[in-house]
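# Pasting the sequence and the predicted model now:
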Amino acid sequence: MPTATRRTLCSFANCLLVAGLLTLSASAQLTSTPSTLAYGNVYLGTQSIAKSITIKNTGTTSVTITSISSSCPEYKLSSGTTPITLAAGKTISYSIILVPDLAQAFNCNETLAATGASNLVVPLTGTGLKSGAIVSVNTTSLSFPNQKQGSTSASQSVTISNTGTVAVKLQTVNVAPGTFSATGVTLPNTINPGTSVTLKVTYAPQFVISETGVIGLGFNQVAPVTIDLSGNGIAPTSMVITNTPNLPQATVSGAYQVNLLAANGTAPYTFNLKTGSTLPLGLTLSSTGVISGTIDPTVTTGKYTFTVNLADSKGHNSSRALTIGVSAATGSNCANISYDVPSTTTPITPLADLGTGIYVTEEGGLYPNGSNVRPSSQDAFGKGLASAVQPLDANGNPSTNGRIGFLGIGESLALDEFGSGFLPIAQHDPEINPNITFVDGAQGGATPKLLTSTTSAYWNTILNNYIPDQGLTANQIQVAWIETSDGITTGTFPSDMTLMQSQYESMMNAMHTLFPKLTMVYFSSRIYAGYSNGVAKIDPEPYAYESAFAVKNAINDQLNGATNLCDGNGCTTINAPWMSWGPYYWANGLLARNDGFYWTCQDLQKDGTHPTNSGDVKVAGQLLNFFKTDDTTTPWFLKP
């Protein structure tokens, strides 16, 4: 048999001569595990759980996955980036969800385009179903006006009815903030056809304040339902303990501390337990109103109610029933209920509470001079920009049929908070402008360092997957929210934040280039990371706290007229969007901020870094309240 001749094909593959025969072995080949994804039945108005594929380069040379796309828009990328180069033997994972919009089968393909190997096609199957359940609520808003501080309102009812032909499960009831509460239903709760269940909603203001809140209802077969809440606390007419009736959650074997507060009396105040009342074993109440200690390991989970007596220096007396819930540990270590300034025994003060005080070398406050109020010139310019936010078509031109694109940016924490906490509520909130389309662009590992370049794989995936998946173009993105940091684990303040500050500023330049209609960017702080007890790999304390200074100083550079951050306010060569603080939600564990905000161990996952569902809900409440009330957001965020 004649010897085979080497052909041009060998420039694309390795050639081997075996017994005089030419054989070919691929130099690069992509495989998927599993090779297909089956989603089963997914109800309209809901989305599937994310399903993942692991892509492996089984060849001997590198291959670049240049893009990932679906033949059906109902399948949407949930995680993973392109382009990415895989060396021989290396893997990468992608997650995909099914969001059906029709009651039909969706038999489609996910295609991974590649250079250096053949494209990989992964079949996807799933079916959209229309539920026979029809859910309605008797109201989409509740108001609790003029409620005295330190008292609990009369309950108001939310009746959830099923007028359909099949049963539906009420799976979640999320309420934020904690001054509102909803009781009366055990979850999960099956609502049969022709029946209803009723939530009892109350309001207990801790301060003299006006506040907004929300209840998010999640079901197994139909879209979520959102009920808006509002209330205002007024001064009490008699001496009271002002804490909300449900105190912060405690943890079995975990440290605990909460300070009881009083109003409308004459200090000093004296606190003691009413005769016959007891705290969970391991806790004590001091005469100054501090409940502290470590929950004994023998304490069973559940709710513990007790009554606290209050007396002031004038002989006035009062009492209030309070409840501490005790849960099993979720964090890796629940002992770090607060974190100290490095090399001291002084607890860190939240930036928003620090004012003109100093952390190491830096002044507090979100804005200059220890203030938490946006400077008047910046605020006025922001209000002007807000008034110009309007629906745009795909080319970025005003259109009554267009959309207002709102983009969330950040790493895995933001993915949890924006995607799992904020969006399920905001997308169904009757108060929010229906012209807004939210885009969850947050991705694991999307740090400022990697978002400074317009050619980053993270921006590529946002532009080619996340934005188109929501039916938008880059020209329709006008507002962005950002929470991201570099995962710093070593360094000395403030130099450890200098690089990240510059990266935030470079991000603004990149975003101005990528999203030509983007005019407004709002930053949020990291959440508390002290419960990790050193386990956290992404900004453990004090770096989670300190990262807010990098944001503050980047915003201050724009306020001070830095030419690299020109937003059009007193400068002409625009190269950045207008920058502002959004909600700041770092608090020092159980040491409540001046506004009562705190983080419990149950609000964080076992890594002590990422939020649990309750943590997501806390962030969602902060985000919703900010965007519903800020004078630079209400013109476009609220329903016209």
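Structure's in. What do you need? Numbering: from 1, shown residues only.

# and the gap between the closest residue in space to residue 474 that isn't next to it in sequence and residue 64?
Spatial nearest neighbour of residue 474, chain neighbours left out: residue 515 (5.3 Å); criterion: CB to CB, 6 or more residues apart in numbering. For glycine as for every other residue, the C-beta is placed from the backbone atoms N, C-alpha and C. Distance of residue 515 to residue 64, given as CB to CB, to the nearest Å: 26 Å.

# Tell me which of these two has more neighbours.
Shown here are residue 515 and residue 64; by other CB atoms under 10 Å, residue 515 has more neighbours (26 against 16).

# Now do that one against residue 194, distance only.
In terms of CB to CB, residue 515 sits 49 Å off from residue 194.

# can you check residue 273 too?
48 Å.

# Between these two, which has more neighbouring residues?
More crowded of residue 273 and residue 194, by other CB under 10 Å: residue 273, with 16 against 10.

# what pairs with the nearest residue to the more buried one once chain neighbours are set aside across the strands?
Spatial nearest neighbour of residue 273, excluding adjacent residues (CB to CB, 6+ apart): residue 285 at 5.7 Å. Under DSSP bridges, the beta-bridge partners of residue 285 are residue 291.

# And for residue 285, the neighbour number?
20.

# Number the chain from 240, please
In the new count, where the first residue is 240, that last one comes out as residue 524.

# ok, it touching residue 509?
No. Residue 524 lies out of contact with residue 509 (CB atoms under 8 Å); the separation is 10.8 Å.

# Relative to residue 724, how far out is residue 605?
According to CB to CB, residue 605 stands 16 Å off from residue 724.

# swap that for residue 559, please
Residue 559 is 40 Å from residue 724, by CB to CB.

# Specify the local secondary structure of the residue nearest to the spatial centre of the chain.
What sits nearest the mean C-alpha location of the chain, by CA atoms, centre = their mean, is residue 656, with 1.4 Å. Following DSSP: H, G, I helix; E, B strand; the rest coil, we place residue 656 in the helix state.

# OK, contacts around the residue nearest to it when sequence neighbours are not counted?
Using CB to CB, 6+ apart and skipping the chain neighbours, the partner closest in space to residue 656 is residue 858 (4.1 Å). Applying CB atoms under 8 Å, 6 or more residues apart in numbering to residue 858 gives the contacts 656, 660-661, 763, 766, 822, 824, 850.

# Closest one of those residues to residue 584?
Nearest to residue 584 among those, counting by CB to CB, is residue 766 at 23.5 Å.

# Measure how buried that closest one is and give me the count.
23.

# That one against residue 853, yeah?
No. Using CB under 8 Å, residue 766 is not in contact with residue 853, being 11.7 Å away.

# Show me the common contact partners of these two, please.
Joint contacts of residue 766 and residue 853 (CB under 8 Å, 6+ apart) are residue 842.

# Regarding the protein, what is its longest helix?
In the chain, ranked by residue count with DSSP state H as the criterion, the top helix is helix 734-753.

# How far away from the center of its chain is that one?
With CA atoms, centre = their mean, to the nearest Å as the basis, helix 734-753 stands 21 Å off its chain's centre.

# so what secondary structure elements neighbour it?
Using 3 or more CB pairs under 8 Å, 6 or more residues apart in numbering; DSSP states H and E, the elements in contact with helix 734-753 are helix 687-690, strand 759-762, helix 782-798.

# tell me the mean pLDDT for the helix or strand just after the last one?
If I follow you right, that is helix 782-798. For helix 782-798, the succeeding helix or strand toward the C-terminus, using DSSP states H and E, is strand 817-820. The average pLDDT for strand 817-820 rounds to 98.

# returning to what we had before: which of residue 559 and residue 724 has more neighbours?
Using other CB under 10 Å as the criterion, residue 559 and residue 724 rank with residue 724 on top: 27 against 20.

# remind me which residues of the stretch 440-589 of the chain are low pLDDT?
569-572 (pLDDT under 70).

# The chain too?
For the chain (pLDDT under 70), the answer is 240-266, 569-572, 773, 775.

# One more pass at 90, please.
Within the chain, the ranges that satisfy pLDDT under 90 run 240-267, 567-575, 726-730, 770-779, 844-848.

# quick check: domain ranges of it?
Listed by automatic domain parsing, the domain ranges of the chain are 269-368, 374-473, 479-566, 590-876.

# export those domains to TSV and tack on distance to residue 583?
Shown next, in TSV, are these (distance: least, CB to CB, whole Å):
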stretch	distance to residue 583
domain 269-368	40
domain 374-473	29
domain 479-566	18
domain 590-876	10
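
# I'd assumed residue 415 was in contact with residue 453.
Yes. In this structure residue 453 lies within contact range of residue 415 using CB under 8 Å: 5.9 Å.

# which neighbours do those two share?
Contact with both residue 453 and residue 415 is made by residues 859-860, 863, according to CB under 8 Å, 6+ apart.

# mind listing what's buried in stretch 790-810?
Within stretch 790-810, the residues scored as buried using 16 or more other CB atoms under 10 Å are 790-798, 804-808.

# Now do the SS call for residue 408.
At residue 408 the chain is in strand, as set by three-state DSSP.

# For it, list each beta-bridge partner.
residue 429.

# Excluding residues flanking it in the chain, which one is nearest residue 298?
With CB to CB, 6+ apart as the criterion, residue 298 has its nearest non-adjacent residue at 3.5 Å, and that residue is residue 267.

# ditto for residue 762
What sits nearest to residue 762 in space, not counting adjacent residues and going by CB to CB, 6+ apart, is residue 790, at 4.7 Å.

# tell me the contacts of the one you found?
Residues counted as contacts of residue 790 (CB under 8 Å, 6+ apart) are 740, 743, 762, 764, 820.

# Please consider this matter closed, and thank you.
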